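> here's a sequence, model it:
(2 chains)
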Amino acid sequence: MNLAPETRKILVVWLVLTAIAVPLIVLVLGPHLPPGKMSSEASAQTDANVVLTALIAPIVLLLAVYFGYSLAVFRARGDQLEDGPPIQGHGPTQALWIVVTSAIVLGLAVWGSDTLIVSAHGAGGGQGPNPDALPANAGQALQVQVLGQQWNWTYRFPSFGGLETAHLELPVGEDIELHVTSLDVVHSFWAYQLGVKADAVPGVDNIAFVHPRRLGNFSIRCSELCGLWHGHMFQTGQVVSAPQFASWIAQQRHAEAANLKYLPPYARDYFPDPTRRAG
Amino acid sequence: MAGGEATLRSGSTRLGAVAVGLACAAALLAYYLFGYLMVRPPAVSASSGPPRARLTLQTVASLGIGPHPDWVSYLVKDPQGHWRHSTVLNVPANSPVRITVLQYDTATGLRNPYWGGPRGIVGEMTVDGKPTPTLDPDLASHTFAIPDFGVSVPLKGVADNAKNQCSVAPCTLAEAHTTVVFTIRTGKAGTYRWQCFVPCAAGFILGFGGPMQSVGYMDGYLHVIA
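Just a heads-up that it's a prediction; the model follows:
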């Protein structure tokens, strides 16, 4: 290919910078990109962030190198003001641009859809009451109901007698089926390190799946502006071993025994009954 | 000529009057906004004394005073024994604090029955002198909760048909009330929020607005002081 000297210089600089930047992004920056590797879903999100950052780096570098080169080499000197040579279309370059960008976009669409539906089972997002992206053993998943209320989260465990707690512990290595709902206004359940984010809407059972893979703490926040203490709607949850989880559940059942009889039967959603409430 | 000057003077006068009017309106708006944003209930300290600090609160169905006389509210007794309309409380760090709540409002039930169990307290809660391990959620009127300390205590409501119900704060011991007593242990110094978990705001959609969203009524700050 017969390239202009300027084009050749720009391409060389761009290729060198890309060859340096992409491995750095993948190998050095990548492991630190959010949300981490605590769950399968979080891991898929982190991989997506690495791939997108690595893909966008050459494009950003091409623009930056071209911009920098133009500023340095093509700038006007002296008092002479003169139009540059007219720009004409270049068929092969245009075709290459269309093919490459189309391939990137279509490739990302296929890969993203596969991650969202097949490999990451909804990628930690709320799928509504009838989820399509199910893990292989969805029937055996541990169900945990997440109840948002102004301004705290509580959790119900239907497989443990409808036990309710104000703290969340999850067993490592198990599929978890989160049923997110609200008792008052719209909240959003965001378990950051687990890669889970699902809206909590009154009257709606919003289901999200997560598969914790590592032990440790994760932060829980509300990500929907929900009133005066929205900013305080923060908790720390734990991913623990299966024996620790069983022990914690037993401890909670003992501590909550007196109150358990007053809880309503487990349901997929609860709407505040206004008849005996103010307003 | 003279007529033209008079017209000019008249125009300038009108322009000046409009400018003064606009300035006055802007000043009033700024005064209102400043007052709205800067108004803050006074901080009231717990009474100190061995073996623990003490706080006495009361909840009333309608405050009867101030800009929102019909709002439900907490009040707090200052160390001199005067009731203050505030929910900003000063307590010592890493110490037990005995809290007495005189509850004058009627029961409306808990939005989430889970909050019927007292949690995060030292020892037992008593209601009218009786140890109460948990409260029937339908009998609750409000809760006193400090989520950062894991504290949540249900407050039993006055019976709907109770005689001599309080109508204007501060209520007196002669009026119908329940007495809820419990002890919490404070943590490290800092400012923490506390709140009621019952949607108790009469006149607002499902009881979630007004006093439920306002510091000084059913929400407040706990200043834990080292």
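
> tally of neighbours for residue 116?
The chain I'm using is chain A. Residues lying near residue A:116 (other C-beta atoms under 10 Å in any protein chain shown) number 19. Placement of C-beta: from N, CA and C, glycine included.

> can you look at chain B instead?
Counted with other C-beta under 10 Å, residue B:116 comes out at 22.

> thinking it is in contact with residue B:141, fair?
No: with contact defined as C-beta atoms under 8 Å, residue B:116 does not count as touching residue B:141 (11.9 Å).

> show me the contacts for residue B:146.
Taking C-beta atoms under 8 Å, 6 or more residues apart in numbering or on different chains, we find residue B:146 in contact with B:120, B:152, B:184, B:192, B:193, B:194, B:222.

> ok, the nearest residue to residue A:38 once chain neighbours are set aside to residue B:19 distance?
Using C-beta to C-beta, 6 or more residues apart in numbering or on different chains and skipping the chain neighbours, the partner closest in space to residue A:38 is residue A:193 (4.4 Å). To residue B:19, residue A:193 is 58 Å away according to C-beta to C-beta, to the nearest Å.

> and for residue A:231?
Taking C-beta to C-beta as the measure, residue A:231 falls 41 Å from residue B:19.

> run a quick neighbour tally on the residue nearest to residue A:38.
By other C-beta under 10 Å, 21 other residues sit near residue A:193.

> how about the residues of the stretch 101-250 of chain A that lie near chain B?
By C-beta under 8 Å from any C-beta of the partner chain, the residues of the stretch 101-250 of chain A that approach chain B are A:147, A:149-152, A:154, A:164, A:166, A:183-185, A:227-229, A:232.

> tell me which stretches of chain B form helices.
Counting by DSSP state H, one finds helices in chain B at the ranges B:2-38.

> tell me how it divides into domains.
As assigned by automatic domain parsing, chain B contains the domains B:1-39, B:43-225.

> most packed of the ones you listed?
domain B:43-225 (a mean of 19; mean count of other C-beta atoms under 10 Å in any protein chain shown).

> where do the helices sit along the stretch 1-150 of chain A?
Taking DSSP state H, counting those that start in this stretch, the helices of the stretch 1-150 of chain A run over residues A:5-23, A:40-73, A:91-114.

> okay, the angle between the shortest one and helix A:40-73?
Per axes from the mean of the first three to the mean of the last three C-alpha atoms, to 10 degrees, the angle that helix A:5-23 makes with helix A:40-73 is 150 degrees.

> buried ones in helix A:5-23?
A:10, A:13, A:14, A:17, A:18, A:21, A:22 (16 or more other C-beta atoms under 10 Å in any protein chain shown).

> show me the domain layout of chain A.
A:1-72+A:107-120, A:138-274.

> go through those domains and pick out the most buried.
Among the domains of chain A, ranked by average contacts under mean count of other C-beta under 10 Å, first place goes to domain A:138-274 (a mean of 19).

> chain center to stretch A:112-132: distance?
A distance of 11 Å separates the centroid of the chain from that of stretch A:112-132, by C-alpha atoms, centre = their mean, to the nearest Å.

> using PDB, write down the CA coordinates of it.
C-alpha atoms of stretch A:112-132 as PDB (Å, rounded to 0.1, in the frame of the first residue of the first chain):
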ATOM      1  CA  GLY A 112     -22.700  -9.400  25.400                       C
ATOM      2  CA  SER A 113     -26.000 -11.300  24.700                       C
ATOM      3  CA  ASP A 114     -24.300 -14.600  25.400                       C
ATOM      4  CA  THR A 115     -22.900 -13.300  28.700                       C
ATOM      5  CA  LEU A 116     -26.200 -11.700  29.700                       C
ATOM      6  CA  ILE A 117     -28.400 -14.700  28.900                       C
ATOM      7  CA  VAL A 118     -26.300 -17.800  28.900                       C
ATOM      8  CA  SER A 119     -23.100 -17.600  30.900                       C
ATOM      9  CA  ALA A 120     -23.900 -15.000  33.600                       C
ATOM     10  CA  HIS A 121     -27.600 -15.700  34.000                       C
ATOM     11  CA  GLY A 122     -28.800 -12.200  33.800                       C
ATOM     12  CA  ALA A 123     -25.500 -10.700  34.800                       C
ATOM     13  CA  GLY A 124     -26.700  -9.800  38.200                       C
ATOM     14  CA  GLY A 125     -29.500  -7.600  37.000                       C
ATOM     15  CA  GLY A 126     -33.200  -7.900  38.000                       C
ATOM     16  CA  GLN A 127     -35.100  -9.900  35.400                       C
ATOM     17  CA  GLY A 128     -38.600  -9.200  36.700                       C
ATOM     18  CA  PRO A 129     -41.000 -11.900  38.100                       C
ATOM     19  CA  ASN A 130     -40.500 -14.300  35.200                       C
ATOM     20  CA  PRO A 131     -36.700 -14.500  34.500                       C
ATOM     21  CA  ASP A 132     -35.500 -15.900  31.200                       C
END
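
> restricted to strands, list the residues of the stretch 101-250 of chain A next to chain B.
Using DSSP state E, the members of those that fall in strands are A:147, A:149, A:152, A:154, A:164.

> list just the nearest of the contacts of residue B:146 to chain A.
Checking those against chain A with C-beta to the nearest C-beta, the nearest one is residue B:193 at 5.2 Å.

> look up how far residue B:98 lies from that closest one.
Separation of residue B:193 from residue B:98 (C-beta to C-beta) stands at 21 Å.

> cool, and residue B:111?
According to C-beta to C-beta, residue B:111 and residue B:98 sit 27 Å apart.

> and if you look at residue A:59?
Distance of residue A:59 to residue B:98, computed by C-beta to C-beta: 65 Å.

> same deal with residue A:240?
Taking C-beta to C-beta, one finds residue A:240 at 35 Å from residue B:98.

> the residues of the stretch 101-250 of chain A next to chain B: which two are farthest apart?
A:164 and A:228 (23.8 Å; C-beta to C-beta).

> mean confidence score for stretch A:157-168?
For stretch A:157-168, mean pLDDT rounds to 94.

> what is the end-to-end distance of it?
Chord length of stretch A:157-168, first to last residue, is 10 Å (C-alpha to C-alpha, to the nearest Å).

> what residues does that stretch touch?
Residues from elsewhere that reach stretch A:157-168 (C-beta under 8 Å, 6+ apart): A:142-147, A:152-156, A:220, A:235, A:237-238, A:249, A:252-253, A:256, A:260, A:263, A:265-266, B:114, B:119, B:150, B:152.

> any idea how far apart the tips of stretch A:151-164 sit?
16 Å.

> correction: stretch B:211-226
Stretch B:211-226 has an end-to-end distance of 30 Å (C-alpha to C-alpha).

> re the thing from before, in the buried residues of helix A:5-23, find the pair that's most separated.
For the buried residues of helix A:5-23, the maximum inter-member distance is 17.8 Å, found between A:10 and A:22 (C-beta to C-beta).
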